[in-house]
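Visitor: Below is the structure, and that's it, no one-letter string:
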């Protein structure tokens, strides 16, 4: 009965508090591997259930199973999979098509690839209307404009005529949501809807889903990010390896977790509370040692009035780094935080002297650095290491882990003199970053993301640098792996006294790692200071706005 | 885990190290052709010039699997003996095309700026001449011969390879590991020698393999038009040229040597693609 | 109140006015046209210098060709030839005359027929163009039908589709032509052995060219189709309740044909190569016959002229493809 074509919202018979979607003992397998191993939950009208987990937890497969899009060779079984009295397992393809978009809306992450680039935004948003025979050729475009207006897209008539790539990330994501809620479905499933969005935009998108929830829609939110979930969810289910390990009211799960995995996961989230605390639960540094004091004498690395201008394809010059100055002292971590397009990575590349600035100068230990010729700089390169966001692409695909590290060793002040010494020192470095002998002869392709980043750190350490530039080093990692890598970087600093220039978009990570912080926006430094000052007493309105938008665990309702 | 990685297609395209039966068959056929080129006597009992006028234009049978030609010569024997020259033309033309392409592609890709613009433009002009027609122009100027065929096919197919090499060089130049090597303080030549050159060259092995098959097809097309290796030779293209007179009566003179060329091109393409996938799989 | 405040933080995206946009589009088209003309001039230069590359004295060669024997000719015999062909002018004058003449429809004089190359080629170019364009259209239809029907349709169907494409893509034109001729004109005489340029006689030559090309276009389109079907926006469309056929036709197809479209200009060049062969097999009028005769008689100006005309067709075709591509992919218009 639920699939009767009807425009009114009067089919909402489920009383608040009663289950709209009931899932009991859901199992999904691809071939021999079971990826969802008997999970149960319910979704209620006007309420949000969050399913949280890391890569491989089975949360995305679960989401897709709920819209019948698990994939051709998947086997789906459940004791109960029921949307308001309709057995979803029994639905044929035809019936599914009438349900999708109409009864259940589905929002994916990153609208740039989740909307058809070659079609107009209006056609994309209006497609569910057309598919489910809502209105006619004249009324549909009007409805599309209404929908875009309702999700807060300014100038909706014009936006409807544009294509997805012509819209900003936030507007695109709003359009994607508008398309999912076009027919006012009773259940909306959002799979990482805010991943890849800047924190301010992220907040707006979450507000949008909250508004939908207020109107009585049932929302299932899939996310890897516990803080994002805190903002919206009424109930939280934590998934690991295809099972729900903890399930309860969101405040209780996030503030008083019972299961060990949930606790570890929560501990791993870097924030203002985690400074100086280990992120990986129950571990301690391999060599317990007091942190080396920061030498506040002459700066180790100093940037003076750096300016970088790029000419866009339209012939207009854009200043991507605008009069940026900074100083970094020995043993210190300087964090640079900013949203996409703020110029933080460009600043890092100028600091590395991989990119020439139009104006300004970078000094290393008070000596010229950026103004040297390539040839003069080469022997000094070993004093500055680098760790990138994507370690895999920074390794020659033909080289083994051992060779990558050995190559870096040879650039150090005292390169190994024999093959034997080289092997010993490579092993030593790998051990220092938590890798073992069995990884020496492996290609980086065979390693996990966290292991790859460890190899990259070992490579950066090999020539015994005074400074390592870390450009979004943990952004591609799961939170628990991120915690391990951040702990490792902290240990290495305590142990070796190395300085970090740490670039990240993640305010929590920056707060956890940095002694002092620069906040960048549109190429300019809008605020600078100690991490505590910036995060507890922000002066600049932009910083204040960032911090307000920042999702926090304490927001759990 | 993003939704896309779960789809069965992605799993299908994963690196597969097991050898497919098609690859085995292709490999066996190429090996057979190589054997025919090196030691034709091992595969054929008679000689390619043995005339038997009483048995002219015989249809394929057990004693003459490919039939006989107008002089009663066994066609299969002629195909086997023609292999060496055909393969030589294919290898020679690919060699010429690849060497020129590697020089041009690397110079353009590494030098960048003005040099790159000039080379790219010149290649664009050469691209405007379809391979076969460019080859015909070379033949018109120098007259048909084995050497002309090699040079003509080589020059005709060079621009495509050069563009590919240049693209490959530009790709590798932007790779993260090149920047990492610079960040470690390695010199320009060291980076070029240790990272850029080997990584840019790797996929070209597969491309060259595919190229040999293509070159043989082009050379035989020239011969088919009567502008390649002239007929008394048992070269594959020359056999096609010789058989054209009898096309309405004795189909096997065209169809069967053509089939050998098609099968060889298919086998080489299949091997080249397998190689390509493996190299890509190992690289990514 | 469900309406949220407009997104004040969103950067203002370039909302170019239609007028400014069309000006930009026109400028880009003009730029492309200018660069096409430059390539044409360069192509004309290449064919001019190719003619100089011929070993020996050109006047002697012409007289040799005419008389069918090789000998030394006296200067009184050579000078009228030199004068007629303009060999007595300085090289630069000859060059400018050739390149300039090309744009006025003058391609020099044939060595063997003593008349303008333009009149030797004459009306032959039209049937060849009909053949190649016909083949391009047929190839696209084959490729699209096979791809849309077989991509991602279970192991067996997909396998058949992709094997068929891989097989046809590697077939040489002469072999397809011979097989079609033997089967459909000799063994089962549906079509004439000597085609002529009538509609019925055009069927086999068109198929000869279209079959290998359709395999090639199909492979390229299939690879892309396969990739596109894995894209999140396809999942989004499915999640709206769209059926498989509609997804393929309304979303995936447009993305999937893009790479093959860019190759269509190149394909036209390859088709003309194939047309030379097909015309020879089926005795069909066109530049193929003229070309092979000219190469055989070493009539270099005629060969060069034909090659240059084909290059011009190729350049113009690619210019059109470039402009058409922007119509299919609006992303190019925006950037």
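Guide: Cool, the structure landed. For clarity, every value in this text was computed on a predicted model and none was experimentally measured. Residues are numbered from 1 along each chain as shown, chains lettered A, B, ... in the order given.
Visitor: need the helices for the stretch 101-250 of chain C, in chain order.
Guide: Applying DSSP state H, counting those that start in this stretch to the stretch 101-250 of chain C gives helices spanning C:117-121, C:125-150, C:154-169, C:173-181, C:199-229, C:232-239, C:244-246.
Visitor: Quick check: which of these is nearest to chain B?
Guide: Among the helices of the stretch 101-250 of chain C, helix C:173-181 comes nearest to chain B, with 4.0 Å by C-beta to the nearest C-beta. To be clear about C-beta, it is placed using only N, CA and C from the backbone, and glycine gets the same treatment.
Visitor: Work out which residue lies at the spatial centre of chain C.
Guide: Ranked by distance to the mean C-alpha position of chain C (C-alpha atoms, centre = their mean), the top residue is residue C:268 at 1.7 Å.
Visitor: Show me what the helix or strand hosting residue A:230 is in contact with.
Guide: Of the helices and strands defined by DSSP states H and E, residue A:230 is found in helix A:226-232. Identification of contacts with helix A:226-232 by C-beta atoms under 8 Å, 6 or more residues apart in numbering or on different chains yields A:48, A:50, A:52, A:194, A:202-203, A:206, A:209-210, A:213, A:219, A:221, A:223, A:236, A:250, A:254, A:265-266, A:269, A:271, A:479, A:508, A:550-556.
Visitor: Give the helix, strand or coil label for the residue nearest to the centre of chain C.
Guide: Secondary structure state of residue C:268, per DSSP: H, G, I helix; E, B strand; the rest coil, is helix.
Visitor: what residues are up against it?
Guide: When contacts are counted by C-beta under 8 Å, 6+ apart, residue C:268 touches C:132, C:133, C:136, C:313, C:314, C:317.
Visitor: Neighbour-wise, give me the winner out of those.
Guide: When those are compared by neighbour count (other C-beta atoms under 10 Å in any protein chain shown), residue C:132 ends up highest, at 29 neighbours.
Visitor: so for stretch A:87-104, what's the average pLDDT?
Guide: Here the mean pLDDT over stretch A:87-104 is 91, rounded to a whole number.
Visitor: just stretch A:176-194 next, same as before
Guide: pLDDT averaged over stretch A:176-194 equals 92, rounded to a whole number.
Visitor: Give me the distance between the residue in chain C positioned nearest to chain B and chain A.
Guide: In chain C, the residue found nearest to chain B is residue C:273; the distance is 3.4 Å by C-beta to the nearest C-beta. As defined by C-beta to the nearest C-beta, to the nearest Å, residue C:273 lies at a distance of 33 Å from chain A.
Visitor: show me what contacts that residue?
Guide: When contacts are counted by C-beta under 8 Å, 6+ apart, residue C:273 is found next to B:130, B:131, B:132, B:133, B:221, C:173.
Visitor: Look at the second one and say how many residues are nearby.
Guide: Residues lying near residue B:131 (other C-beta under 10 Å) number 25.
Visitor: my read: it touches residue B:218, true?
Guide: Yes: in this structure, residue B:131 is within contact of residue B:218 by C-beta atoms under 8 Å, at 6.2 Å.
Visitor: Overlap in contacts, those two.
Guide: Each of B:153, B:156, B:157 lies in contact with both residue B:131 and residue B:218 under the rule C-beta under 8 Å, 6+ apart.
Visitor: quick one: which of those residues is most hemmed in?
Guide: Busiest of those [other C-beta under 10 Å] is residue B:153, holding 33 neighbours.
Visitor: quick check: longest helix of the chain.
Guide: Reading this off chain A. helix A:479-496 (DSSP state H).
Visitor: nope, chain B
Guide: helix B:75-111.
Visitor: List the buried residues in that helix.
Guide: Of the residues in helix B:75-111, B:75-98, B:100-102, B:104-110 count as buried by neighbour count, 16 or more other C-beta atoms under 10 Å in any protein chain shown.
Visitor: Need phi/psi at residue A:501.
Guide: When quoted as degrees, to the nearest 10, the phi and psi of residue A:501 stand at phi -100, psi 110.
Visitor: Next up, the contacts around the residue of the stretch 101-250 of chain B found nearest chain C.
Guide: Distance from chain C to each residue of the stretch 101-250 of chain B (C-beta to the nearest C-beta) is smallest for residue B:132, at 3.4 Å. Applying C-beta under 8 Å, 6+ apart, one finds that residue B:132 lies in contact with B:156, B:218, B:221, B:222, C:273, C:274, C:276, C:277.
Visitor: Which of the helices or strands spans it?
Guide: When secondary structure is defined by DSSP H and E, residue B:132 falls within helix B:131-142.
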